[in-house]
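Chemist: show me the folded form of this:
(one chain, ligands or ions: 1)
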Amino acid sequence: MTKVNKKKCIGCGACVATCPEVFELDDDGKAQVKADKKLPCVKEAIADCPVGAISK
Ligand code: SF4
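Modeler: Next up is the predicted model:
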């Protein structure tokens, strides 16, 4: 299951840009998983997150 650690997330939006089918920004400006899909872009989003907030 893909998860975002909201304590680490700085809301940069990179994961949303990379993988919009899985990630969105919530009302606090932090990323959240909107649909836990197994897409290749999830791996990319994990690798690109500047603070390592995404895990699966
Ligand atoms: S890439 Fe990382 S820091 Fe940026 S919004 Fe996504 S989870 Fe947050």
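Chemist: the chain: helices as residue ranges?
Modeler: Listed in chain order, the helices of the chain (DSSP state H) span 14-18, 40-48.
Chemist: run through the residues of this structure sitting next to the ligand.
Modeler: 4, 9-15, 31, 49-51, 53-54 (C-beta under 6 Å from any ligand atom). For the C-beta atoms, the positions are set from N, CA and C on the backbone; glycine is no exception.
Chemist: re the thing from before, out of the helices of the chain, deepest packed?
Modeler: Per residue and on average, the most neighbours among these fall to helix 14-18, with a mean of 18 (mean count of other C-beta atoms under 10 Å).
Chemist: tell me what that helix is packed against?
Modeler: Contact analysis of helix 14-18 by 3 or more C-beta pairs under 8 Å, 6 or more residues apart in numbering; DSSP states H and E lists strand 23-25, helix 40-48 as its packing neighbours.
Chemist: could you dump those to CSV with mean pLDDT?
Modeler: Putting those into CSV (pLDDT from 0 to 100) gives the following:
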stretch, mean pLDDT
strand 23-25, 98
helix 40-48, 98
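Chemist: from S55, how far out is K8?
Modeler: In this view, K8 and S55 are 10 Å apart by C-beta to C-beta, to the nearest Å.
Chemist: try E44
Modeler: The spacing between E44 and S55, counted by C-beta to C-beta, is 14 Å.
Chemist: surely K3 meets I54?
Modeler: Yes. Counting by C-beta atoms under 8 Å, I54 is a contact partner of K3 at 7.2 Å.
Chemist: neighbour count winner among those two?
Modeler: I54 (25 against 12; other C-beta atoms under 10 Å).
Chemist: list the beta-bridge partners for that one.
Modeler: V4 (DSSP bridges).
Chemist: residues in contact with P50?
Modeler: I10, C12, A14 (C-beta atoms under 8 Å, 6 or more residues apart in numbering).
Chemist: what about the first one, neighbour count?
Modeler: To tie it back to what came earlier, the one meant is I10. Neighbours around I10, by other C-beta under 10 Å: 13.
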